[in-house]
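**Q** sequence plus the predicted model coming up.
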Amino acid sequence: MFRSIRWRIAVPYVLLILVAMIGLAFYLSAMVHGVYLSNLEGQLVAEARAVRDVVEPLLAPEASIGTFEPLMGRYARLFSARITVIAADGTVLGDSHESPVTMENHLYRPEVQQALAGDYGQSIRFSKTLGYDMMYVAVRVPAEGQVAGLVRVALPLSEVNAQIGRLRRAMLGAALITMLLAASLAVIMAEQTARPIRQLTQVVQRMAGGDLQARIFVSSQDEVGRLARAFDDMASQLSQQVTSLEEEQSRLAAVLDTMSGGVIITDDEGDVRLINPAAARLLETTPERAMGLSFAQVVRQHQLIELWRHCRETGEESSTAVEAGRRRLFLQAIIKPFQEVGSQGYLVVLQDLTRIRQLETVRRDFISNISHELRTPLAGLKSLVETLRDGALDDPPAAQRFLDHMDAEVDALTQMVEELLELSRIESGRMPLRLGPVPVGEIVLPAVERLRPQAERANLTIDTDLPVDLPPVLAERERVQQVVTNLVHNAVKFTPPGGQIQISAKAAGDEVVIRVRDTGVGIAPDDLPRIFERFYKADRARSGGGTGLGLAIARHIVQAHGGRIWVESPVTAPETGKVEQGSAFYFSLRMASKDRGPEH
């Protein structure tokens, strides 16, 4: 109960009022008791003096005990009190309630002694004769300067006590009613004080739970009302700030999630406090797993760890280029210190330059390869021209032979330029495709028949395996025939005499996969990732003639059709499951739907 501020306010006030009212009741009761006894004492004194005036003539020295009996009874009935006449020596001469003969000497009674010493005496004590408390008042009866006797009036205190008891009960009842009213008022006032505090507590709890729009409405102008209005103002400002921070955080999260560069934030101890998805991908981890780990555990690259330590020691921005991860990524790392609230933080930016480096390598290789490819025919042309200039023109048969060689070199240059132009058109998307349903046989068989004489001259066997129920594909016939031609020509050119070339096709899901397999020398594993690059020739497996553009053109044509192209070397024979020498080139095309018309 005392956990509530209402009771913590009300209970002390109630207890204080209770103690005050009880104390006041007892004080008033005692005061009234004293006043009542004082008034009673005055009344008894007056009555005693009235009786004294009557009995004074009768108090002669020869007065006997029976003289006052009738008089005592009459005045006792008149005053409703006990009347006693006492001689100067303490002998009881008359009593309204008892026989004087049986009564003992009253000389040493307190009221008698007081009356003898002064005007009158008063005493409250237990009457052994009557058996209850009484108030006694005695006045002396003078006679010629002496004390002739005493008149005593006594009144039982039972009635006094009963009246005082009734008065006390009335006062206690009034005090109780007053206390209940005061306690009710205290509870009401405490409730009025506690209610806005409870409302304020509820609003604070709602805000702590995330409801920043919660408000308290208090109309009072006291301290609690001012506190509530101040809290509402604070809540409005806090809501605006939180909303602004959430918007900024959302924008920052969107930027961090969508940016291609990796971002990591660490504290001064090196523990990761933030990592975006790009950084997690580059470091082959996840944001959930990386949070809370040390920077060294996340990056696992000694150059990056040393770079972070150098930045921490110098307090300056540091950068370096590293090759990291199993994928051999080429990363540009920048680490910059910044001041957080009460501590130092470090911002790590990782830029993936792998693609740029690959493009630079491809560009460098392209320049080198095209220079090499152009150098050979140009050198041949130059030597033939010099030979003709040196006198071969005078020998017509030799001149004709040299001119034939020059024509062949020019044809090779022309073919290279045409293939480069075609490759450029394909890569730039300027090669329009008229797609339509084409049977697979109409793609494969013309290309095979065109190259069959060349294969027979090289003592090679070409076989085709095309199921009858193979569905048509969505393609442009001439372009896909060019792909098959390039792959079969590649196989014919690099398969030793006596070898075999097999062209097959099969349905796989919603695609048709066409395979060109040879029994040549195969392709080295290091050359497989780059076999479809322009001008790329494997050192051993692809050391023959050609421009080195055929596979690159085939890849771009297949990708323009929405398909895939890949190579396996050595080849696992599906019939036996054995690994055999040679290579197998695959490419896929989408099946043509029956209700799909030509596409461009």
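**A** Cool, the structure landed. Numbering: from 1, shown residues only.

**Q** burial of Ile565, as a residue count?
**A** Applying other C-beta atoms under 10 Å, we find 19 residues neighbouring Ile565. All C-beta atoms are positioned from the backbone trio N, CA, C, and that covers glycine.

**Q** who does it bridge with?
**A** Phe587 (DSSP bridges).

**Q** who's in contact with it?
**A** Contact analysis of Ile565 by C-beta atoms under 8 Å, 6 or more residues apart in numbering lists 483, 532, 554-555, 558-559, 585-588.

**Q** okay, it and Arg125: tell me how far apart.
**A** When distance is defined by C-beta to C-beta, to the nearest Å, Ile565 is 133 Å away from Arg125.

**Q** show me where the stretch 101-250 of the chain has strands.
**A** 120-126, 133-143, 146-156 (DSSP state E, counting those that start in this stretch).

**Q** please produce JSON lines containing those strands, extended by mean pLDDT.
**A** Compiled in JSON lines, the strands of the stretch 101-250 of the chain are given as follows (pLDDT from 0 to 100):
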{"stretch": "strand 120-126", "mean pLDDT": "86"}
{"stretch": "strand 133-143", "mean pLDDT": "87"}
{"stretch": "strand 146-156", "mean pLDDT": "86"}
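
**Q** okay if I get the ones you listed as a markdown table plus mean neighbour count and distance to Leu40?
**A** Putting the strands of the stretch 101-250 of the chain into a markdown table (neighbours: other C-beta atoms under 10 Å; distance: least, C-beta to C-beta, whole Å) gives the following:
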| stretch | mean neighbour count | distance to Leu40 |
| --- | --- | --- |
| strand 120-126 | 17 | 10 |
| strand 133-143 | 21 | 6 |
| strand 146-156 | 22 | 7 |
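
**Q** quick one on the thing from earlier: inside strands: which ones of the contacts of Ile565?
**A** The strands, defined by DSSP state E, take in 585-588 from the contacts of Ile565.

**Q** just the buried members of the residues you listed?
**A** 585-588 (16 or more other C-beta atoms under 10 Å).

**Q** between those, which is closest to Leu71?
**A** Nearest to Leu71 among those: Ser588, at 149.4 Å, using C-beta to C-beta.

**Q** what's near enough to touch the closest one?
**A** Here Ser588 is in contact with 508, 511-514, 558, 563-565 (C-beta under 8 Å, 6+ apart).

**Q** just give me the closest of these to Leu435.
**A** Scanning the contacts of Ser588 for proximity to Leu435, where the rule is C-beta to C-beta, the winner is Gly563, at 11.6 Å.

**Q** need the contact partners of stretch 110-129.
**A** Contacts of stretch 110-129 (C-beta under 8 Å, 6+ apart): 37, 41, 44-45, 48, 86, 90, 97-98, 103, 106-107, 109, 132-140, 147, 150, 152, 154, 157.

**Q** buried ones among the contacts of Ser588?
**A** Counted by 16+ other C-beta under 10 Å, the contacts of Ser588 give 511-514, 558, 563, 565 as buried.

**Q** which of those sit farthest apart?
**A** Longest span within the buried ones among the contacts of Ser588, C-beta to C-beta: Val512 and Ile565, 13.2 Å.

**Q** and the gap between the closest residue to Arg434 other than its chain neighbours and Gln351?
**A** Computed as C-beta to C-beta, 6 or more residues apart in numbering, the closest residue to Arg434 that is not its neighbour in sequence is Glu476, at 5.4 Å. In this view, Glu476 and Gln351 are 40 Å apart by C-beta to C-beta.
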